[in-house]
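Participant: structure for this input, please:
(chains A and B)
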2 protein chains.
Amino acid sequence: MTTRATERRVIEIIRHASPGGAGVRVGIGDDCAVLEPSAGRLVLATTDLLVEDVHFRRRYATAADVGWKSLAVNLSDIASMGGRPRWALVALACPEGVTVEEAEAFFTGLLELARAHDVAVVGGDTSASPRGWIVNVTLLGEAAPASVLRSTAKSGDVIAVTGALGRAAAGLAVLERETTPAGVAPAALDQVKAAHLRPRPRVREGQWLGAAGGVTAMIDLSDGLATDLGRICEESRVGARVELARLPQDAAARAVAAAVGGDALAWATGGGEDYELLVTCHPRAFTRLADGCADATGTPLTAIGEITPEQGAVRYTDAAGHEVAVARGFEHFVTGRL
Amino acid sequence: MTTRATERRVIEIIRHASPGGAGVRVGIGDDCAVLEPSAGRLVLATTDLLVEDVHFRRRYATAADVGWKSLAVNLSDIASMGGRPRWALVALACPEGVTVEEAEAFFTGLLELARAHDVAVVGGDTSASPRGWIVNVTLLGEAAPASVLRSTAKSGDVIAVTGALGRAAAGLAVLERETTPAGVAPAALDQVKAAHLRPRPRVREGQWLGAAGGVTAMIDLSDGLATDLGRICEESRVGARVELARLPQDAAARAVAAAVGGDALAWATGGGEDYELLVTCHPRAFTRLADGCADATGTPLTAIGEITPEQGAVRYTDAAGHEVAVARGFEHFVTGRL
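Facilitator: Numbering: from 1, shown residues only, chains lettered A, B, ... in the order given. Sure thing, here's the model as predicted:
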């Protein structure tokens, strides 16, 4: 890839696909973007670095998949604050041999998701890479009148989760195999693979939950339930008890687990990358929130446990009420948010 | 490096070194930073990806140098709009074998420059890297009442540049050599090496020039005079004529060039990474701007040519007035800003 050629082509693609956008005084093409947040709104900012063979593999992730996902993981962070995503800055480094068409495909995938969330790409950077694709996306947004933090869960709160768990880990298990697992419906395979390659962040759900009242803390499940619930407990200085039988395990993930000898429960607790929202709420608010979220967004909200007073103690119990150990985040996604 | 250990340590370092900061409602430790720009100010945003062996070499750049420079290049972008830098998001991926101490040193270098410019680190990401260091810094700032763009130079404007040119390229030439060049004063060697490793972005100069009135366009010299002046001309749909004899060549760079058989003029036109500001202004404003900039910031502003009406035609002339070809950006910094 000649980077200068790609730079020009990429600017053309973005200027064409993402023309101006609301609140963009100066976009692509100057030293900085100049942005105008809505009056009185605080600004949200989040950044994620995705590195080939750490966060994705080009063997099964197309350039368009990588573009989609690099924005999706940031949208999920804005979602978990209840915010509105608005502007993205995209830095891309490609190794020798990457064609302009592949770089275009990356932006096409990213812009498809950007358009769906009214996000304008307003800046970025292109570079050579000595090895592998490197992507960094920074996403800016606007905060809801009251942002929902990680640090404000209270003892006695209900712990709940949107959607279903384990789907992305099941997809990764399928994609990492050399052969297609037998005995799983093609639609289920497609679902789990798409969950890994093109996650759909819960932006509408986050906005609805943040605005509904009664939600006390929220985080997105990027590193898996066990890790991310640990973060809420650490930042909120509380503990938690989760009943494993209540976890909303994804049906397609269970079918894949049965076919490949995987552990669907471990995928649900430790798989990560489901990009569902983990929510704590006042106990009396839960039914209203669950019904309202399903009505407004079509996404279920399932209670899985409660916040306890004992700081840092996160316990998982089986159907008989006995404490059990659970799988934590997969080590090949060794990544930490600051 | 165990990334989880580093993540915790890095959060400690940043929370300690960069506590809160003005306008930071939520900093490190949640899904997003929550930021409060000054009332009525537009937000500036810029991002730069730095990749080992593309943008820097660990053979001579310490981890602290890399941290410093990764923020410096972004500060320079804010400077070139006349803006005020405020908040940074820092993503760092390190290869196996990097120690927690090295990751700490990276942030120590970055935070040293951040403090000097009142910038708070409000978020980021840490990751493993399969090969080499990877750094992405996104810098947010506040625009001056009128941002100075690249696209607003007018025919007849004076072209001027802050400081002196060629110093960073001279430093790179020295650093890339196996041996120290003979016959150059140690202080000059230190100056040129520091210019490459720890550039000092012209933030105060940019703010002063942007606010002084009469400046019509501004860009920072990251890729070299020939490339960056070309960008002003392209975005402004004008041409330019530069008199090479008027270029403020750095004295230490000339001494190094004489010692190593380098071409100081080529370093001045094509070396890049000087992070000086390239300015266009109304002809009648130049003397006032040059005197005022020197008084207010101690940095000289030197006229080097003028903007011409012929779109895209950028000409360089020697002392006799003949047109000559000049060196453009070095190819080992193959990087493009979107």
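
Participant: which bits of the stretch 151-300 of chain A sit near chain B?
Facilitator: A:151, A:219-220, A:235 (Cβ under 8 Å from any Cβ of the partner chain). In short, each C-beta sits where N, CA and C put it, glycine included.

Participant: with distance to residue B:45 and pLDDT added, can I get these in CSV?
Facilitator: Formatted as CSV, those follow (distance: Cβ to Cβ, whole Å; pLDDT from 0 to 100):
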residue, distance to residue B:45, pLDDT
A:151, 26, 93
A:219, 25, 97
A:220, 22, 97
A:235, 27, 93
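
Participant: which stretches of the stretch 101-250 of chain A form strands?
Facilitator: For the stretch 101-250 of chain A, the strands defined by DSSP state E, counting those that start in this stretch occupy A:120-129, A:134-142, A:158-162, A:215-220, A:239-243.

Participant: among those strands, which is nearest residue B:60?
Facilitator: The closest of those to residue B:60 is strand A:120-129. By Cβ to Cβ, the value is 19.8 Å.

Participant: wait, does the closest one contact chain B?
Facilitator: Yes. Using Cβ under 8 Å from any Cβ, strand A:120-129 reaches chain B at A:122-129.

Participant: follow-up on the earlier one: got the strands of the stretch 101-250 of chain A as a markdown table, with mean neighbour count columns?
Facilitator: A markdown table is the format used below for those (neighbours: other Cβ atoms under 10 Å in any protein chain shown):
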| stretch | mean neighbour count |
| --- | --- |
| strand A:120-129 | 26 |
| strand A:134-142 | 28 |
| strand A:158-162 | 26 |
| strand A:215-220 | 26 |
| strand A:239-243 | 20 |
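
Participant: need those strands in TSV (columns: distance to residue A:317).
Facilitator: Formatted as TSV, those follow (distance: least, Cβ to Cβ, whole Å):
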stretch	distance to residue A:317
strand A:120-129	46
strand A:134-142	37
strand A:158-162	13
strand A:215-220	21
strand A:239-243	5
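
Participant: worst average pLDDT in the ones you listed?
Facilitator: Note on the strands of the stretch 101-250 of chain A: strand A:120-129 shows the lowest mean pLDDT, a mean of 92.

Participant: now do that one: distance to the chain's middle.
Facilitator: 21 Å (Cα atoms, centre = their mean, to the nearest Å).

Participant: what angle do it and strand A:134-142 make?
Facilitator: 160 degrees (axes from the mean of the first three to the mean of the last three Cα atoms, to 10 degrees).

Participant: which strands and helices sit next to strand A:120-129?
Facilitator: Packing partners of strand A:120-129 (3 or more Cβ pairs under 8 Å, 6 or more residues apart in numbering or on different chains; DSSP states H and E): helix A:3-17, strand A:33-35, strand A:84-95, helix A:100-116, strand B:43-51, strand B:335-337.

Participant: ok, that strand: who's next to it in the sheet?
Facilitator: strand A:84-95 (parallel), strand B:335-337 (antiparallel) (DSSP bridges).

Participant: out of those, which is the most enclosed?
Facilitator: strand A:84-95 (a mean of 26; mean count of other Cβ atoms under 10 Å in any protein chain shown).

Participant: now the angle between strand A:43-51 and that one, please.
Facilitator: Using the same axes, to 10 degrees: strand A:84-95 against strand A:43-51 is 30 degrees.

Participant: got the CA coordinates for strand A:84-95 in CSV?
Facilitator: Taking Å, rounded to 0.1, in the frame of the first residue of the first chain, the C-alpha atoms of strand A:84-95 are listed here in CSV:
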residue,chain,number,x,y,z
ARG,A,84,-25.2,9.8,22.6
PRO,A,85,-22.3,9.0,20.2
ARG,A,86,-21.5,11.8,17.8
TRP,A,87,-18.0,12.0,16.3
ALA,A,88,-15.2,9.5,15.6
LEU,A,89,-11.5,9.9,14.9
VAL,A,90,-10.0,6.9,13.2
ALA,A,91,-6.3,5.9,13.0
LEU,A,92,-5.3,3.0,10.8
ALA,A,93,-1.9,1.5,10.2
CYS,A,94,-1.6,-1.3,7.5
PRO,A,95,1.3,-3.6,6.7
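
Participant: as JSON lines, the residues of the stretch 151-300 of chain A next to chain B with distance to residue A:109 would be great.
Facilitator: Shown next, in JSON lines, are those (distance: Cβ to Cβ, whole Å):
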{"residue": "A:151", "distance to residue A:109": "34"}
{"residue": "A:219", "distance to residue A:109": "26"}
{"residue": "A:220", "distance to residue A:109": "20"}
{"residue": "A:235", "distance to residue A:109": "33"}
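
Participant: and of these, the nearest to residue A:293?
Facilitator: Distances from residue A:293 to those, taken by Cβ to Cβ, are shortest for residue A:220, at 15.1 Å.

Participant: correct me if wrong: that closest one contacts residue A:276.
Facilitator: Yes. Look at residue A:220 against residue A:276 with Cβ atoms under 8 Å: they come within range, at 7.3 Å.

Participant: go through the helices and strands packed on strand A:120-129 and name the closest to residue A:305.
Facilitator: Counting by Cβ to Cβ, residue A:305 lies closest to strand A:84-95 out of these; the figure is 29.4 Å.

Participant: okay, now the unreliable bits of the stretch 201-338 of chain A?
Facilitator: A:329-338 (pLDDT under 70).

Participant: sorry, back to before: what's the overlap in contacts for residue A:220 and residue A:276?
Facilitator: residue A:202 (Cβ atoms under 8 Å, 6 or more residues apart in numbering or on different chains).

Participant: how about TSV for the helices and strands packed on strand A:120-129, with distance to residue B:66 added?
Facilitator: Below are the helices and strands packed on strand A:120-129 laid out as TSV (distance: least, Cβ to Cβ, whole Å):
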stretch	distance to residue B:66
helix A:3-17	21
strand A:33-35	25
strand A:84-95	16
helix A:100-116	26
strand B:43-51	7
strand B:335-337	15
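
Participant: out of those, which gets the lowest mean score?
Facilitator: Across those, strand B:335-337 gives the lowest mean pLDDT, at a mean of 53.

Participant: which is the next helix or strand following the one helix or strand residue A:307 maps to?
Facilitator: Counting by DSSP states H and E, the element that carries residue A:307 is strand A:301-308. Using DSSP H and E, the next helix or strand after strand A:301-308 towards the C-terminus is strand A:314-317.

Participant: what are the pairing partners of that next one, and which direction each?
Facilitator: Applying DSSP bridges, one finds strand A:314-317 paired with strand A:239-243 (parallel), strand A:323-324 (antiparallel).

Participant: how distant is the longest one from the center of its chain?
Facilitator: Here the centre of mass of C-alpha atoms in strand A:239-243, compared against the chain's by Cα atoms, centre = their mean, lies 23 Å away.

Participant: cool, stretch A:252-269 as well?
Facilitator: In terms of Cα atoms, centre = their mean, the gap separating the centre of stretch A:252-269 from the centre of its chain is 20 Å.

Participant: now do the buried residues in that stretch.
Facilitator: A:252-257, A:259, A:262, A:264-269 (16 or more other Cβ atoms under 10 Å in any protein chain shown).

Participant: dump the residue contacts of residue A:254.
Facilitator: Contacts of residue A:254 by Cβ under 8 Å, 6+ apart are A:166, A:264.
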